[in-house]
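Asker: I would like to see how this sequence folds:
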Amino acid sequence: MMRILQTVSVKQVLTEMSKYKLQKRFKDNKQQLKKECDQLLFELKKLERTRKFTPSGLKTQFDKEIEMRKEKIKLIDFQIEQLDMLSIGSELHDQDIQAIIDIKVGDNWDEVAKGKTIVIKDGIIVEIRER
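Answerer: This is a model prediction of the structure:
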(Lines give C-alpha, C1' and ligand atoms only; values in the text may rest on other atoms or scores of the structure.)
Protein backbone atom coordinates (compact mmCIF):
# COMPACT_ATOMS: atom_id res chain seq x y z
CA MET A 1 0.00 0.00 0.00
CA MET A 2 1.07 3.59 -0.68
CA ARG A 3 -0.30 7.01 0.18
CA ILE A 4 -0.45 9.82 -2.37
CA LEU A 5 -1.65 13.41 -2.29
CA GLN A 6 -4.60 14.24 -4.49
CA THR A 7 -6.35 17.53 -5.18
CA VAL A 8 -10.01 17.48 -4.12
CA SER A 9 -12.43 20.10 -5.40
CA VAL A 10 -14.76 21.70 -2.84
CA LYS A 11 -18.06 23.08 -4.12
CA GLN A 12 -20.59 25.11 -2.21
CA VAL A 13 -24.34 24.82 -2.83
CA LEU A 14 -25.79 28.32 -3.01
CA THR A 15 -28.47 28.86 -0.37
CA GLU A 16 -30.13 32.07 0.80
CA MET A 17 -27.73 32.14 3.77
CA SER A 18 -24.55 31.40 1.78
CA LYS A 19 -25.57 33.95 -0.89
CA TYR A 20 -26.09 36.58 1.81
CA LYS A 21 -22.70 35.76 3.38
CA LEU A 22 -20.92 35.96 0.01
CA GLN A 23 -22.59 39.29 -0.80
CA LYS A 24 -21.57 40.64 2.60
CA ARG A 25 -17.99 39.43 2.17
CA PHE A 26 -17.77 41.05 -1.28
CA LYS A 27 -19.21 44.34 0.01
CA ASP A 28 -16.90 44.33 3.05
CA ASN A 29 -13.86 43.71 0.82
CA LYS A 30 -14.97 46.49 -1.54
CA GLN A 31 -15.43 48.90 1.37
CA GLN A 32 -11.96 48.02 2.72
CA LEU A 33 -10.37 48.66 -0.70
CA LYS A 34 -12.13 52.05 -0.93
CA LYS A 35 -10.81 52.98 2.52
CA GLU A 36 -7.30 52.00 1.43
CA CYS A 37 -7.61 54.22 -1.67
CA ASP A 38 -8.73 57.16 0.48
CA GLN A 39 -5.87 56.53 2.93
CA LEU A 40 -3.32 56.38 0.10
CA LEU A 41 -4.61 59.68 -1.32
CA PHE A 42 -4.40 61.25 2.14
CA GLU A 43 -0.83 59.98 2.65
CA LEU A 44 0.20 61.21 -0.80
CA LYS A 45 -1.10 64.73 -0.11
CA LYS A 46 0.60 64.69 3.31
CA LEU A 47 3.96 63.66 1.79
CA GLU A 48 3.64 66.18 -1.06
CA ARG A 49 3.32 68.95 1.54
CA THR A 50 6.55 67.88 3.28
CA ARG A 51 8.47 67.93 -0.03
CA LYS A 52 10.96 65.36 1.27
CA PHE A 53 10.52 63.07 -1.74
CA THR A 54 10.59 63.56 -5.49
CA PRO A 55 6.93 64.29 -6.22
CA SER A 56 6.74 62.60 -9.64
CA GLY A 57 8.20 59.25 -8.58
CA LEU A 58 6.21 59.27 -5.38
CA LYS A 59 2.97 60.11 -7.17
CA THR A 60 3.59 57.36 -9.71
CA GLN A 61 3.98 54.76 -6.95
CA PHE A 62 0.85 55.95 -5.13
CA ASP A 63 -1.14 56.04 -8.38
CA LYS A 64 -0.03 52.47 -9.10
CA GLU A 65 -1.20 51.30 -5.65
CA ILE A 66 -4.53 53.12 -6.00
CA GLU A 67 -5.09 51.75 -9.50
CA MET A 68 -4.35 48.21 -8.28
CA ARG A 69 -7.09 48.59 -5.65
CA LYS A 70 -9.53 50.07 -8.18
CA GLU A 71 -8.99 47.00 -10.39
CA LYS A 72 -9.80 44.74 -7.43
CA ILE A 73 -12.98 46.78 -6.84
CA LYS A 74 -13.99 46.22 -10.48
CA LEU A 75 -13.43 42.48 -10.05
CA ILE A 76 -15.58 42.47 -6.90
CA ASP A 77 -18.34 44.36 -8.75
CA PHE A 78 -18.22 41.68 -11.46
CA GLN A 79 -18.38 38.92 -8.84
CA ILE A 80 -21.40 40.58 -7.21
CA GLU A 81 -23.13 40.75 -10.63
CA GLN A 82 -22.39 37.07 -11.25
CA LEU A 83 -23.64 36.09 -7.80
CA ASP A 84 -26.88 38.02 -8.33
CA MET A 85 -27.52 36.03 -11.53
CA LEU A 86 -27.07 32.63 -9.85
CA SER A 87 -30.12 30.77 -8.62
CA ILE A 88 -30.42 29.10 -5.24
CA GLY A 89 -29.14 25.52 -5.51
CA SER A 90 -26.34 26.39 -7.94
CA GLU A 91 -22.94 24.89 -7.14
CA LEU A 92 -19.99 27.25 -6.84
CA HIS A 93 -16.36 26.19 -6.88
CA ASP A 94 -15.14 27.17 -3.43
CA GLN A 95 -11.57 25.87 -3.23
CA ASP A 96 -9.22 22.99 -3.90
CA ILE A 97 -7.68 21.07 -1.02
CA GLN A 98 -5.13 18.29 -0.77
CA ALA A 99 -6.19 14.85 0.49
CA ILE A 100 -4.14 11.78 1.30
CA ILE A 101 -5.38 8.78 -0.72
CA ASP A 102 -4.44 5.17 -0.01
CA ILE A 103 -3.67 3.16 -3.13
CA LYS A 104 -2.58 -0.44 -3.51
CA VAL A 105 -1.66 -2.91 -6.21
CA GLY A 106 -4.80 -3.90 -8.09
CA ASP A 107 -6.59 -0.53 -7.74
CA ASN A 108 -8.08 0.95 -10.91
CA TRP A 109 -5.82 3.91 -11.67
CA ASP A 110 -8.42 5.66 -13.83
CA GLU A 111 -10.81 5.71 -10.87
CA VAL A 112 -8.12 6.95 -8.47
CA ALA A 113 -6.94 9.64 -10.91
CA LYS A 114 -10.46 11.03 -11.41
CA GLY A 115 -10.39 12.50 -7.95
CA LYS A 116 -13.25 13.52 -5.73
CA THR A 117 -15.50 16.51 -5.12
CA ILE A 118 -16.79 17.54 -1.72
CA VAL A 119 -20.15 19.34 -1.78
CA ILE A 120 -20.95 21.70 1.11
CA LYS A 121 -24.30 23.27 1.98
CA ASP A 122 -24.33 25.95 4.70
CA GLY A 123 -21.07 24.65 6.13
CA ILE A 124 -22.13 20.98 6.23
CA ILE A 125 -20.70 18.29 3.93
CA VAL A 126 -23.72 16.90 2.07
CA GLU A 127 -21.97 14.75 -0.53
CA ILE A 128 -18.61 13.31 -1.53
CA ARG A 129 -18.64 12.34 -5.18
CA GLU A 130 -16.27 10.84 -7.70
CA ARG A 131 -15.47 13.32 -10.44
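Asker: gap between the helix or strand of the chain with the lowest mean pLDDT and the chain center?
Answerer: When the helices and strands of the chain are compared on mean pLDDT, DSSP states H and E, helix 109-114 comes out lowest with a mean of 88. Taking C-alpha atoms, centre = their mean, to the nearest Å, one finds helix 109-114 lying 28 Å from the centre of the chain it belongs to.
Asker: Could I get the buried residue list for that helix?
Answerer: By 16 or more other C-beta atoms under 10 Å, helix 109-114 has no buried positions at all. Quick note: C-beta positions are derived from backbone N, CA and C, even for glycine.
Asker: And the next helix or strand past that helix?
Answerer: Of the helices and strands lying after helix 109-114 in sequence (DSSP states H and E), the nearest is strand 116-121.
Asker: What ranges does the protein have for its helices?
Answerer: Taking DSSP state H as the criterion, the chain carries its helices at 16-50, 55-85, 109-114.
Asker: Show me what the second one packs onto, helices and strands only.
Answerer: Spelled out, it's helix 55-85. Taking 3 or more C-beta pairs under 8 Å, 6 or more residues apart in numbering; DSSP states H and E as the contact definition, the neighbouring helices and strands of helix 55-85 are helix 16-50.
Asker: and residue 59, how many neighbours?
Answerer: Using other C-beta atoms under 10 Å, the number of residues around residue 59 comes to 14.
Asker: and what of residue 93?
Answerer: Using other C-beta under 10 Å, residue 93 is surrounded by 10 other residues.
Asker: Tell me, please, where in this structure the pLDDT is lower than the cut-off.
Answerer: 51-55 (pLDDT under 70).
Asker: Burial check on the closest residue to residue 43 other than its chain neighbours, number of neighbours?
Answerer: By the measure of C-beta to C-beta, 6 or more residues apart in numbering, the closest residue to residue 43 outside its immediate chain neighbours is residue 62, 7.4 Å from it. The local packing of residue 62 (other C-beta under 10 Å) involves 17 other residues.
Asker: I'd say residue 62 and residue 46 touch.
Answerer: No. Taking C-beta atoms under 8 Å as the contact criterion, residue 62 and residue 46 are not neighbours in contact, 10.9 Å apart.
Asker: Before I go, just wanted to say thanks for your time.
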